[in-house]
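*Asks:* I would like the atomic coordinates for the input below:
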Amino acid sequence: MAIELTQQEEKRETITKEGLLFCLTHLAQRQGKAHSKRSLTSGLPLENGKLSPLLFIRALKRLHLQGEILKKPLSEITEGYIPCILLLTDDRACYVEKMTEEGFWIASQGSKEGVFIS
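*Replies:* Prediction:
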């Protein structure tokens, strides 16, 4: 699934720098299951040092969490899917915390409040 952030390129780079690994560590922290990046990926066959979507699901199971991969256009994402991870182009990903009529609140490594993307 891809998201177009044409007017917010700088924000996009900030929120997606580490891809699925950032999303996994953020999700673990939000669920009160904080772990280091290393412990979350230990023993997983990373692909060029990165988590693939399937490895992300395996890592979730280690945390006793569940997830599934869905292919949907952004227009079909409703509040029932939030929080969720959006898989973006170029092996990037972002963790969507909230959704409003105007856009999405995305977790950001440098901000407790997150970043709003419209």
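
*Asks:* if I pick the closest residue to residue 56 other than its chain neighbours, what's in contact with it?
*Replies:* Closest residue to residue 56 apart from its sequence neighbours, by Cβ to Cβ, 6 or more residues apart in numbering: residue 20 at 4.8 Å. For glycine as for every other residue, the C-beta is placed from the backbone atoms N, C-alpha and C. Listed by Cβ atoms under 8 Å, 6 or more residues apart in numbering, the contact set of residue 20 reads 50-53, 55-56, 85, 87, 93.

*Asks:* what bits of this protein have low per-residue confidence?
*Replies:* 1-18, 109-112 (pLDDT under 70).

*Asks:* As a check, name the ranges of all helices in it.
*Replies:* 9-16, 19-30, 37-41, 53-62 (DSSP state H).

*Asks:* returning to that earlier point: select, from the contacts of residue 20, the two members most distant in space.
*Replies:* Within these, 50 and 85 form the most distant pair, 13.9 Å apart (Cβ to Cβ).

*Asks:* So for these two, which residue has more residues nearby?
*Replies:* With neighbours defined as other Cβ atoms under 10 Å, residue 50 and residue 85 compare such that residue 85 has more, 23 against 15.

*Asks:* That one reaches residue 23, doesn't it?
*Replies:* Yes - using Cβ atoms under 8 Å, residue 85 is in contact with residue 23, at 4.8 Å.

*Asks:* what residues are shared contacts of those two?
*Replies:* Joint contacts of residue 85 and residue 23 (Cβ under 8 Å, 6+ apart) are 56, 93-95.

*Asks:* Same list (the residues you listed) but as TSV, adding neighbour count and distance to residue 39.
*Replies:* Output for the shared contacts of residue 85 and residue 23, formatted as TSV (neighbours: other Cβ atoms under 10 Å; distance: Cβ to Cβ, whole Å):
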residue	neighbour count	distance to residue 39
56	24	15
93	22	20
94	29	22
95	24	19
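
*Asks:* before we move on, back to that, ranking the helices of the chain by mean neighbour count, which comes first?
*Replies:* helix 19-30 (a mean of 21; mean count of other Cβ atoms under 10 Å).
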